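Engineer: sharing a model that was predicted from the sequence below.
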Amino acid sequence: MSRKKGNIAEKQAQDYLTKNGFKIIQTNFYTQYGEIDIIATKDNIYHFIEVKSGKNFEPLLNVTPKKLQKIIHSVSIYLAKNELDVLYCIDVITIKNNTIEFFSNVSM
């Protein structure tokens, strides 16, 4: 996916989250392991959100165990850097044919 398409998908995901009561804390948090697309809070829980989009395939399939491990490392860095001891989960938003799906608390 091109960066332009990624930016469009991330904006759609942010709009979806805001409409559903989330507060966006940060976007595009980079570490040596990769990027966390969106960091948001809702009900005192931090949500670290990966955004995937596609047209001719299931975007969720791109969240592999290896990708999830990189996200977990990046979450640890974010929490340490910001000295946070909070409840959190890793979520995925997929966008396919303008349909948004939210997968909460994904794991391997």
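Structural biologist: Now that the structure is in, tell me what you want to look at.
Engineer: can you pull the poorly scored residue ranges out of the chain?
Structural biologist: Applying pLDDT under 70 to the chain picks out residues 1-4, 108.
Engineer: and the helices in it?
Structural biologist: 3-19, 65-81 (DSSP state H).
Engineer: redo the ones you listed as CSV? Include distance to residue 87 and mean neighbour count.
Structural biologist: (Glycine included, C-beta is placed from N, CA and C.) Below are those laid out as CSV (distance: least, Cβ to Cβ, whole Å; neighbours: other Cβ atoms under 10 Å):
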stretch, distance to residue 87, mean neighbour count
helix 3-19, 17, 15
helix 65-81, 11, 15
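Engineer: residue 99 is nearest to which of the ones you listed?
Structural biologist: helix 3-19 (10.5 Å; Cβ to Cβ).
Engineer: which residues does residue 23 contact?
Structural biologist: When contacts are counted by Cβ atoms under 8 Å, 6 or more residues apart in numbering, residue 23 is found next to 40, 41, 42.
Engineer: partner residues bridging it?
Structural biologist: Assessed by DSSP bridges, residue 23 has beta-bridge partners residue 41.
Engineer: ok, it to residue 42 distance?
Structural biologist: Taking Cβ to Cβ, to the nearest Å as the measure, residue 23 falls 7 Å from residue 42.
Engineer: with residue 75 instead?
Structural biologist: For residue 75, the distance to residue 42 - Cβ to Cβ - is 16 Å.
Engineer: about what we covered before: tabulate the helices of the chain in a markdown table, adding columns for distance to residue 32.
Structural biologist: Shown next, in a markdown table, are these (distance: least, Cβ to Cβ, whole Å):
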| stretch | distance to residue 32 |
| --- | --- |
| helix 3-19 | 19 |
| helix 65-81 | 8 |
